[in-house]
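Participant: A predicted structure for the sequence below; I have some questions about it.
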Number of protein chains: 2
Amino acid sequence: MAGDGTIGKACDVLDQVAAFARPVRFGELLEHSDFPKATLYRFLQSLTNQGMLSYDPDRQTYAPGLRLVRLAHAAWTQSSLAPIARPFLDALSRETGETVHLAQLDSGQVLYVDKRNATQPVEMFSQAGKVGPAYCTGVGKAMMAHLEPDQLAKALSQQSFYRFTDKTLASEQLLVADLVAIRERGYAVDDEEHEPGIICVACPVLTEGGRMLGAISITGSTERMSFAQLQAWVPRVRRVADQIGAEAQSWRFPETRPNGNSDRMQGT
Amino acid sequence: MAGDGTIGKACDVLDQVAAFARPVRFGELLEHSDFPKATLYRFLQSLTNQGMLSYDPDRQTYAPGLRLVRLAHAAWTQSSLAPIARPFLDALSRETGETVHLAQLDSGQVLYVDKRNATQPVEMFSQAGKVGPAYCTGVGKAMMAHLEPDQLAKALSQQSFYRFTDKTLASEQLLVADLVAIRERGYAVDDEEHEPGIICVACPVLTEGGRMLGAISITGSTERMSFAQLQAWVPRVRRVADQIGAEAQSWRFPETRPNGNSDRMQGT
DNA sequence: AAACTGAGTTCCACAATATGGAACCATATG
DNA sequence: CATATGGTTCCATATTGTGGAACTCAGTTT
């Protein structure tokens, strides 16, 4: 993750702050940063001014700012598959009764953009925006299997290959072999590679041209079901993934004029 | 919103892109931008590289990128009141059966960070991250009423004073007068100032020191209830707002080490 | 009380970086 | 085929970011 000039550096700082999963003090950031004191300081200032970070004067801590939430709303609406996929996910979740995920790839990691939890009512951000490893999850592997060679190389270099379970594919060789197989058969499986007891089947969402957009998956637990049972859903998942891909291709945003106060919220 | 150097400009570009509520082409952005062609181009490049924007090669359009979603997840968790307020909002929503909002102020606008919809099941981002006007909503006025003079001045300058309804307080004078009253009585009302038929009562969330953190509100419609009925909830809203304020003050994040893969997501 | 410590903030000469006019290229359009 | 339009690249220039060092302001220690 090396620099696009100032912008790249600023983004690094944002990530730094976000990486602490709690508000951080200047000093703490300084320790974990490559920037000299004054430089880091100025970045924090500017980012805080811009609302990309928030500063708590009482505690003297920095945290990711609310402006990000506002921007993310736009991102989620516009450049994620979620709005398109929603009805399909609903249907899939209803039919299967299992947990359904919609994920996209972001800097080599799986970013969950939507989810249906079979049982409990949804909780907002607690699901969208979360990240996970790509090399040991169904959606992650499904997506990587359909990357262009150069993108794949980059993605591979970003994997940690930490051995979560003894079934984890903990090396590039093992992973690549699986990716080839996945590409051939059209879907990926996660057989307790990330968490013991958790299994999953996933299909990539592709454009007609073969460009990879994301992936969807159905997750189950070994306690409640066999792998074979889960695999029986694959054709259904395939179909839904294809539908989403097709929709995404033809999808056009309704015409709007620039400064869109256009999408308003009822309430006050 | 003038510049903190390069960072400020980059943020402006992000906002520009987000302001179109749809993917935009280079040329469209150029029209609405102050930057010369080459400069804007380089910004878009860098931001796209960084994942702050996403670029659709098929359509040649830019949109806010997924990295924002990831960062926003952190922002929402860390610097919004939502995690703290959640149980209180749940309770309030259950008791009243009405729509409940939690909002914070972001560059002079109301940013909704959480919501309870009495009737329907929640939909994630479709609620959090949305923005609204501050001068004509309950939460907006409740928050502005408790700003420091200089912050208030800034916020006032950012209001559009568009006349949504004939009850809208469409001038600074009217608004300021109301803010004084709100500060005295401790809560704000929105009597169809934003949308016809929509009424609301709101209380600010304050620290013990009086620092304004956000606001909560209960919204109703004139069809189903009278203003008096709604106002009967004020003491309850007040109490909840105070509780959230107190919590926020004492809240400490659990100790974590920097690079937090700490909050993981079950699933794959 | 004076000296110390360390976090946070400001300064400023220097150098790296962003700038933007103009030229260029590729794809639609008349 | 010519022309316009939208998008991309170049490069000399100067604006901007850089970071070492000096400073300020608590909170401690001697």
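Facilitator: Cool, got the structure.
Participant: and the residue of the stretch 101-250 of chain A found nearest DNA strand D, how close does it get to A:P36?
Facilitator: Ranked by C-beta to the nearest atom of the strand, the top residue of the stretch 101-250 of chain A for proximity to DNA strand D is A:D150, at 15.9 Å. For glycine as for every other residue, the C-beta is placed from the backbone atoms N, C-alpha and C. In this view, A:D150 and A:P36 are 34 Å apart by C-beta to C-beta, to the nearest Å.
Participant: then A:G140?
Facilitator: 37 Å.
Participant: and these two? Which one has more around it.
Facilitator: When A:G140 and A:P36 are compared on other C-beta atoms under 10 Å in any protein chain shown, the one with more neighbours turns out to be A:G140, at 29 against 9.
Participant: so what does the helix or strand hosting the more buried one touch, helix or strand wise?
Facilitator: For A:G140, the host element (DSSP states H and E) is helix A:138-144. Secondary-structure packing of helix A:138-144 (3 or more C-beta pairs under 8 Å, 6 or more residues apart in numbering or on different chains; DSSP states H and E): strand A:99-106, strand A:109-116, helix A:149-157, helix A:172-185, strand A:188-191, strand A:198-206, strand A:212-221.
Participant: nearest to B:G186, out of these?
Facilitator: Among the helices and strands packed on helix A:138-144, the nearest to B:G186 by C-beta to C-beta is strand A:109-116 (39.5 Å).
Participant: can you name the element that comes right after the closest one?
Facilitator: Taking DSSP H and E, what comes next after strand A:109-116 is strand A:131-132.
Participant: quick one: strands adjacent to that next one?
Facilitator: strand A:109-116 (antiparallel) (DSSP bridges).
Participant: beta partners of the residue nearest the centre of chain A?
Facilitator: Centrality entry for chain A: nearest residue to the mean C-alpha point is A:L111, 0.5 Å, by C-alpha atoms, centre = their mean. Taking DSSP bridges as the rule, A:L111 bridges to A:Q104, A:V131.
Participant: right, and it touches A:Q104 too?
Facilitator: Yes - judged on C-beta atoms under 8 Å, A:L111 makes contact with A:Q104 at a distance of 5.3 Å.
Participant: shared neighbours of those two, anything?
Facilitator: Counting by C-beta atoms under 8 Å, 6 or more residues apart in numbering or on different chains, the contacts common to A:L111 and A:Q104 are B:L66.
Participant: which residue is the nearest non-sequential neighbour of the closest residue to DNA strand C within chain A?
Facilitator: In chain A, the residue that lies nearest DNA strand C is A:G5 (2.2 Å; C-beta to the nearest atom of the strand). In space, and not counting its chain neighbours, A:G5 is closest to B:S46: 6.4 Å by C-beta to C-beta, 6 or more residues apart in numbering or on different chains.
Participant: do the same with A:E247
Facilitator: Nearest non-adjacent residue to A:E247, counting by C-beta to C-beta, 6+ apart: A:I84, 4.9 Å away.
Participant: likewise for A:A74?
Facilitator: A:A74 sits nearest to B:A18 (C-beta to C-beta, 6+ apart), 3.9 Å away.
Participant: same thing with A:Q229?
Facilitator: In space, A:Q229 is closest to A:G220, 7.6 Å off (C-beta to C-beta, 6+ apart).
Participant: returning to that earlier point: following the host helix or strand of the residue nearest to A:G5 in sequence, what is the next regular element?
Facilitator: Element membership for B:S46 (DSSP H and E) is helix B:37-49. Using DSSP H and E, the next helix or strand after helix B:37-49 towards the C-terminus is strand B:53-56.
Participant: what is the burial count for A:I218?
Facilitator: A:I218 - counted by other C-beta under 10 Å - has 29 other residues nearby.
Participant: circling back: helices and strands around the helix holding B:S46, which ones?
Facilitator: Helix B:37-49 sits against helix A:5-19, helix B:5-19, helix B:26-31, strand B:53-56, with contacts defined as 3+ C-beta pairs under 8 Å, 6+ apart.
Participant: how about a markdown table for the ones you listed, with mean neighbour count added?
Facilitator: Below are these laid out as a markdown table (neighbours: other C-beta atoms under 10 Å in any protein chain shown):
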| stretch | mean neighbour count |
| --- | --- |
| helix A:5-19 | 21 |
| helix B:5-19 | 21 |
| helix B:26-31 | 15 |
| strand B:53-56 | 21 |
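Participant: looking at the ones you listed, spot the one closest to A:V131.
Facilitator: Nearest of the helices and strands packed on helix B:37-49 (C-beta to C-beta): helix A:5-19, 10.4 Å.
Participant: tell me the mean pLDDT for the closest one?
Facilitator: Helix A:5-19 comes out with an average pLDDT of 88.
Participant: any chance of TSV for the helices and strands packed on helix A:138-144, columns mean pLDDT and distance to DNA strand C?
Facilitator: TSV is the format used below for the helices and strands packed on helix A:138-144 (pLDDT from 0 to 100; distance: least, C-beta to the nearest atom of the strand, whole Å):
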stretch	mean pLDDT	distance to DNA strand C
strand A:99-106	92	23
strand A:109-116	90	25
helix A:149-157	89	19
helix A:172-185	95	28
strand A:188-191	95	34
strand A:198-206	95	22
strand A:212-221	93	22
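Participant: closest one to B:W76 among the ones you listed?
Facilitator: Nearest of the helices and strands packed on helix A:138-144 (C-beta to C-beta): strand A:109-116, 14.2 Å.
Participant: what does the closest one rub up against?
Facilitator: A:76, A:80-82, A:85-86, A:89-90, A:92-93, A:99-105, A:122, A:127-134, A:137, A:139-140, A:143, A:158, A:214, B:66, B:69-70, B:124, B:265, B:267.
Participant: using CSV, list the CA coordinates for that strand.
Facilitator: What follows is strand A:109-116, C-alpha atoms only, in CSV (Å, rounded to 0.1, in the frame of the first residue of the first chain):
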residue,chain,number,x,y,z
GLN,A,109,-9.7,-8.5,1.8
VAL,A,110,-13.2,-9.7,1.8
LEU,A,111,-15.6,-6.8,2.6
TYR,A,112,-19.0,-7.9,3.6
VAL,A,113,-21.5,-5.5,2.1
ASP,A,114,-24.7,-7.2,3.0
LYS,A,115,-26.0,-10.2,5.0
ARG,A,116,-29.1,-12.1,5.9
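Participant: got the angle between that strand and helix A:149-157?
Facilitator: In terms of direction (axes from the mean of the first three to the mean of the last three C-alpha atoms, to 10 degrees), strand A:109-116 departs from helix A:149-157 by 90 degrees.
Participant: could you pick out the residues of the stretch 1-150 of chain A near DNA strand D for me?
Facilitator: Contact residues (C-beta under 7 Å from any atom of the strand) of the stretch 1-150 of chain A with DNA strand D: A:6, A:9, A:35-39, A:42-43.
Participant: any idea how many residues pack against the residue of the stretch 101-250 of chain A closest to DNA strand D?
Facilitator: As a burial measure, A:D150 scores 8 neighbours (other C-beta under 10 Å).
Participant: residues contacting A:S157?
Facilitator: Counted by C-beta under 8 Å, 6+ apart, A:S157 has contacts A:G108.
Participant: what of A:V69?
Facilitator: For A:V69, the contact set (C-beta under 8 Å, 6+ apart) comprises B:72, B:75-76, B:80, B:106, B:111, B:113, B:128-129.
Participant: now render those as CSV, adding distance to B:A246.
Facilitator: CSV is the format used below for these (distance: C-beta to C-beta, whole Å):
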residue, distance to B:A246
B:A72, 26
B:A75, 23
B:W76, 21
B:S80, 17
B:D106, 23
B:L111, 22
B:V113, 18
B:A128, 23
B:G129, 26
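Participant: with that, I have no additional questions.
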